[in-house]
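*Asks:* my questions concern the predicted model and sequence given below.
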Protein chains: 2
Amino acid sequence: MSELRQDPVTKHWVVIASERARRPEDYPKDPEKEQCPEFSESCPFCPGNEAMTPPEEFAYRQRGTQPNTKGWWVRVVPNKFAALVPYGHLGRIRENEFFRRMDGVGKHEVVIESPIHNAAIGNMELKQIEEILLIYRDRFNDLGQDTRFEFVTIFKNHGKLAGTSLIHPHSQIIATPIVPLHIRHRHEEAMRYYDDNGECVFCRMIEEEMDAGKRVILETRDFLAFEPFASSVPFETWIIPAKHAATYGSISVDDTKKLAAVLSKIMKRIHTGLGNPDYNYMIHTAPFKDADENWYHWFIQILPRLTTIAGFELGSRVFINTTPPEAAAEFLRQGV
Amino acid sequence: MSELRQDPVTKHWVVIASERARRPEDYPKDPEKEQCPEFSESCPFCPGNEAMTPPEEFAYRQRGTQPNTKGWWVRVVPNKFAALVPYGHLGRIRENEFFRRMDGVGKHEVVIESPIHNAAIGNMELKQIEEILLIYRDRFNDLGQDTRFEFVTIFKNHGKLAGTSLIHPHSQIIATPIVPLHIRHRHEEAMRYYDDNGECVFCRMIEEEMDAGKRVILETRDFLAFEPFASSVPFETWIIPAKHAATYGSISVDDTKKLAAVLSKIMKRIHTGLGNPDYNYMIHTAPFKDADENWYHWFIQILPRLTTIAGFELGSRVFINTTPPEAAAEFLRQGV
């Protein structure tokens, strides 16, 4: 029968729905996505089209090349259709006694991950992935210097079902002047666990997952990749540093190398095993002001979009997951 | 510039992203969906195919016809691929000291809304909608008799992007042995408002929305249809009873008639105005034990699925909405 499982960190419930269970092979593949060229003349992220984006914030580029021209291999630009912008009034505006709003103050950046139009994390060289991860860190820390910003979300949308029609590999960074309430709730639960037990709930989870073993995909000295116990969607995968660290901003250059190796293997396996599925990933991290706390622990959450978020999920936020994490881990372990 | 708006009930933030604003006409239409027959031989919900579903729980049917045969006009059956089932152990199972789970105890039903394969709420007769709303109520109250169930979610998935590939109009009812944490958080905020102000936050919101006017679509003596101030997706629409009531289970037969008239107009307008978009709706209601509370207020939330839930939304649960609710209301008001 199905199971209700409780996320040990957030206390959210998920349904692991064995009655609807699907084998990994049963998820539909999208062969069209594979037939995509290395360069697209109309793509704003392809080399030579630098003028189609707002001026770059930062890039790794060949010595002697000018900003906003060819010669880069990772490039950061403001999002042309930015959800939030770095100006405006920061306080709450009372529309009246009842309604509150703020100017849309923040920063919304795009990380163009490669000059190659059809590249993917799963088939890039390790050096390239390392530098993407380094840029995430450096942009994160740079945004943290701006005292208007309380929180930064680093995320990637891959494929239409994941929210992007741009094929060229890219991720996004959004700095917000507030800590999202959902994040605050997660953190309050982690804090409560720390108060009760005197240890970080994520450090404990790492131990528990390593002990259980059945949800582990890959374990190195420094990182653990696994399917969480209360996995919300088929093949939800976490990559978490073994050593406690609340904020992604503190990752060392050496650790980005090690993380790149793990991320590469996992994404390659998801790509080949599940037929290049649409997916999102996000880096969960502490707000700037909690960077040194004992109760939070950063991690990468990968969410393949093989199923649809429907009315029950939107209404109750209880996810119905049709592939038990143990089965997903067993499948992903093959060939990693 | 964009705005951050705070939901006055839940305190969640949304981004109203004017930089990406789209006019109602700009959302893509799906003409294929219109070309669907009145009857489909292979559809498990079409008359004559009653044996393709589990035996019915309840039906409105012509006098003299037998259960699980033709002659019904609304039919309730257990979901063949039920996420939860009405047996199993109810307590928390400790996988070990750290992980908690429960048997998937609950009930998962399907309401087949019409014998007509290609019917839609927006084009049904009022009498039919009334009876769907009545069945929701009666199933809700019946499930409430089972002391194992704490909460019921009534919802509808219409179209692939909303999570169903079955065209035949249907909704679903899921009874859970827990109150989902997300719901509890909503309710805690509503309770806090009540403690602070001595009034229901939804009753106050109704007054505020009627005063403001600009987000109202339709106002009758008994129901208000409007786009909420902190609307999370384009054309998010609420229908709420003007008179305080915490639970949908308390709706009178007379009020289902009045609600049917409002729901019909709204769904017809969404259907024609936005080109039969995929959508979810859900009835938000109090847990059974809070049925008489002063601080909660049931309502129907309609979420057209015109945009995709992407990494930022999944990571932060802050939604980026590209159509301000004021513009959406102005559009939907035309022709209602």
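*Replies:* Perfect, thanks for sending it. Numbers count the residues shown, from 1 in each chain, chains lettered A, B, ... in the order given.
*Asks:* give me the below-cutoff pLDDT ranges for chain A.
*Replies:* A:19-20, A:30-34 (pLDDT under 70).
*Asks:* quick one: the strands in the stretch 51-200 of chain A?
*Replies:* For the stretch 51-200 of chain A, the strands defined by DSSP state E, counting those that start in this stretch cover A:58-61, A:72-78, A:93-94, A:100-103, A:107-112, A:151-158, A:170-176.
*Asks:* which among these is found nearest to chain B?
*Replies:* Smallest distance to chain B across the strands of the stretch 51-200 of chain A (Cβ to the nearest Cβ): 3.2 Å, for strand A:151-158. The way it works is simple: take the backbone N, C-alpha and C, and place the C-beta from them, glycine included.
*Asks:* now do the contacts for the closest residue to A:Lys214 other than its chain neighbours.
*Replies:* Closest residue to A:Lys214 apart from its sequence neighbours, by Cβ to Cβ, 6 or more residues apart in numbering or on different chains: A:Glu326 at 4.9 Å. A:Glu326 makes contacts with A:Lys214, A:Arg215, A:Glu227, as judged by Cβ atoms under 8 Å, 6 or more residues apart in numbering or on different chains.
*Asks:* on that earlier part again, want to throw the strands of the stretch 51-200 of chain A into a markdown table with mean neighbour count and distance to chain B?
*Replies:* Shown next, in a markdown table, are those (neighbours: other Cβ atoms under 10 Å in any protein chain shown; distance: least, Cβ to the nearest Cβ, whole Å):
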| stretch | mean neighbour count | distance to chain B |
| --- | --- | --- |
| strand A:58-61 | 18 | 21 |
| strand A:72-78 | 21 | 11 |
| strand A:93-94 | 12 | 9 |
| strand A:100-103 | 20 | 4 |
| strand A:107-112 | 24 | 9 |
| strand A:151-158 | 26 | 3 |
| strand A:170-176 | 24 | 6 |
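*Asks:* make JSON lines out of these and add distance to A:Leu143.
*Replies:* Shown next, in JSON lines, are the strands of the stretch 51-200 of chain A (distance: least, Cβ to Cβ, whole Å):
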{"stretch": "strand A:58-61", "distance to A:Leu143": "12"}
{"stretch": "strand A:72-78", "distance to A:Leu143": "11"}
{"stretch": "strand A:93-94", "distance to A:Leu143": "23"}
{"stretch": "strand A:100-103", "distance to A:Leu143": "17"}
{"stretch": "strand A:107-112", "distance to A:Leu143": "6"}
{"stretch": "strand A:151-158", "distance to A:Leu143": "5"}
{"stretch": "strand A:170-176", "distance to A:Leu143": "4"}
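*Asks:* of all the ones you listed, which lies closest to A:Thr322?
*Replies:* strand A:151-158 (20.8 Å; Cβ to Cβ).
*Asks:* paired strands for that closest one, with orientation please.
*Replies:* Note on strand A:151-158: by DSSP bridges, its sheet partners are strand A:170-176 (antiparallel), strand A:279-284 (antiparallel).
*Asks:* next, the angle strand A:107-112 makes with it.
*Replies:* Relative orientation of strand A:151-158 with respect to strand A:107-112: 40 degrees, computed using axes from the mean of the first three to the mean of the last three Cα atoms, to 10 degrees.
*Asks:* determine how far strand A:151-158 lies from the middle of the whole chain.
*Replies:* 5 Å (Cα atoms, centre = their mean, to the nearest Å).
*Asks:* could you do stretch A:301-319 as well?
*Replies:* Counting by Cα atoms, centre = their mean, stretch A:301-319 comes out at 16 Å from the chain centroid.
*Asks:* what about it, near chain B?
*Replies:* Yes. Judged by Cβ under 8 Å from any Cβ of the partner chain, stretch A:301-319 and chain B are in contact via A:301, A:303, A:307-318.
*Asks:* narrow the contacts of A:Glu326 to those that are buried.
*Replies:* Listed as buried from the contacts of A:Glu326 are A:Arg215, A:Glu227; burial here means 16 or more other Cβ atoms under 10 Å in any protein chain shown.
*Asks:* would you turn the contacts of A:Glu326 into a markdown table with secondary structure?
*Replies:* Formatted as a markdown table, these follow (DSSP: H, G, I helix; E, B strand; the rest coil):
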| residue | secondary structure |
| --- | --- |
| A:Lys214 | coil |
| A:Arg215 | coil |
| A:Glu227 | coil |
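*Asks:* wait, which of the contacts of A:Glu326 is closest to B:Thr247?
*Replies:* Of the contacts of A:Glu326, the one sitting nearest to B:Thr247 (Cβ to Cβ) turns out to be A:Glu227, at 37.5 Å.
*Asks:* need the contact list for that closest one.
*Replies:* A:Arg215, A:Ile217, A:Phe235, A:Glu236, A:Thr237, A:Trp238, A:Pro325, A:Glu326, A:Ala328, A:Ala329, A:Leu332.
*Asks:* give me the subset of the residues you listed that lies in helices.
*Replies:* Counting by DSSP state H, the contacts of A:Glu227 place A:Pro325, A:Glu326, A:Ala328, A:Ala329, A:Leu332 in helices.
*Asks:* how about the helices in the stretch 201-336 of chain A?
*Replies:* Along the stretch 201-336 of chain A, counting by DSSP state H, counting those that start in this stretch, helices occupy A:201-212, A:253-273, A:311-316, A:325-333.
*Asks:* using CSV, write out every CA atom in the shortest one.
*Replies:* Extracted C-alpha coordinates of helix A:311-316, given in CSV (Å, rounded to 0.1, in the frame of the first residue of the first chain):
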residue,chain,number,x,y,z
GLY,A,311,-4.6,20.4,-7.8
PHE,A,312,-3.9,18.3,-4.8
GLU,A,313,-0.3,19.4,-4.6
LEU,A,314,-1.3,23.0,-5.2
GLY,A,315,-4.0,22.9,-2.6
SER,A,316,-2.4,20.9,0.2
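*Asks:* and the gap between the nearest residue to A:Asp7 once chain neighbours are set aside and A:Ile112?
*Replies:* Spatial nearest neighbour of A:Asp7, chain neighbours left out: A:Ala230 (4.0 Å); criterion: Cβ to Cβ, 6+ apart. Applying Cβ to Cβ, to the nearest Å, the value for A:Ala230 to A:Ile112 is 34 Å.
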